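> Here is a sequence with its predicted model. Questions after.
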Amino acid sequence: MKTLFTALAEELSAGRGAVVATVVASRGSTPRGPGARMLVRAGGSALGTVGGGAVELEAARLAGEGYREIVLTGIEISSWGRDLKEGQTLIDLVEALCHAVPELRVRLGSLEPRTITQDFCQRAVALPNLCPHFHLSMQSGSDTVLKRMNRKYDTARYYESVRLLREYFDRPGITTDLIVGFPGETTPEFEDTLSLIEEVRYDALFTFIYSPRPGTPAARMPDPAAREEKQVWFDRLLDAQNEISGQLHRSYVGQTVRVLVDGESGDARWPLSSRTNGGRLVHLRGDASLIGRYADVLITDSNTWALFGEVK
């Protein structure tokens, strides 16, 4: 059983920019066999207005079929509800799902920093089956680069989002995407990004060196930094994050964590793979009968990328 993070294209409806909301569910051993996956999607603002029954019925159906986790994902799920007259927002959808299937984990896809408000956190932390794993869009730690990217947030707002998450949640998993070498980026601007990851101390990064896409505004921007220089920046970023990830993972050794076993790892020493509520990868010993089940795991070792443990 694999958790399926599937990005769907944003749909524009009647010029209002309606956003697809997706339910992605993971299932364990069923008549269709281990590893079966299902994606359910609906256009416009999703599974309809919450409270009308559509969200709750769809979630209950997935639970009845043996799914163990629902992932809300899409290009821009933070804008869910903006085309609805009822004034509902993403947290309304999240609450409806969590209440409908309290026995399933509910996980969120990528979020804009503006999503994380005090109201969002107060309501989200009250949902015991909502995974405290937050992938907050960033792209760069430099405000001048963010402006050139036409991003609608700055680092001050981003730091506020991180502060709120850590105020309300116990050790939330925080991840992001970062691009190195955006056109016009300078060494001081890259240093701002390096400072960002050292301040936030992400659980994990998805990092890329900028590559031009024909027809985009960025492709027409001056880009004096050489590819070799961008590679040096990229390597420094990875080294810094790997050190942070290693430190964070070592702090889990000796602790017990709750995981959802989601498949085989391919490593005979630790044959199963799983994820914590916070999104951390955990390899463990056991047989395939555990796939699709929740388990408490004692963490006995770690490395930069994963935790290792024994089922209690």
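That came in fine, so what should we check first?
> Using the record's assignment, carve this structure into domains.
By the assignment in automatic domain parsing, the chain contains the domains 1-131, 132-251, 256-311.
> Serialize those domains to TSV and add fields for mean pLDDT.
Output for the domains of the chain, formatted as TSV (pLDDT from 0 to 100):
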stretch	mean pLDDT
domain 1-131	68
domain 132-251	96
domain 256-311	94
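> any chance of these in JSON lines, with mean neighbour count too?
(Each C-beta comes from the backbone N, C-alpha and C, glycine too.) Compiled in JSON lines, the domains of the chain are given as follows (neighbours: other CB atoms under 10 Å):
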{"stretch": "domain 1-131", "mean neighbour count": "18"}
{"stretch": "domain 132-251", "mean neighbour count": "17"}
{"stretch": "domain 256-311", "mean neighbour count": "18"}
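> So for the chain, the centremost residue is which one?
For the chain, the residue sitting closest to the mean C-alpha position, by CA atoms, centre = their mean, is His135 at 3.7 Å.
> secondary structure element for Glu198?
Assigned by DSSP states H and E, Glu198 belongs to helix 187-200.
> So what touches that helix?
Residues from elsewhere that reach helix 187-200 (CB atoms under 8 Å, 6 or more residues apart in numbering): 138, 140-145, 155, 158-159, 162, 174, 176, 178, 180, 205, 233, 236-237, 240-241, 244.
> The residue nearest to the centre of the chain falls within a strand, correct?
Yes. In this structure, His135 lies within a strand as judged by DSSP: H, G, I helix; E, B strand; the rest coil.
> what's the distance between it and Ile244?
16 Å (CB to CB, to the nearest Å).
> and what of Leu260?
25 Å.
> Gln139 too?
With CB to CB as the criterion, Gln139 and Ile244 are 19 Å apart.
> just Leu298 next, same as before
24 Å.
> Also Ala218?
28 Å.
> And Ala268, by the same measure?
Relative to Ile244, and taking CB to CB, Ala268 is found at 30 Å.
> name the element the residue of the chain positioned farthest from its centre belongs to?
In the chain, the residue that sits farthest from the middle, by CA atoms, centre = their mean, is Pro224; the gap is 32.9 Å. Per DSSP H and E: Pro224 is located in neither a helix nor a strand.
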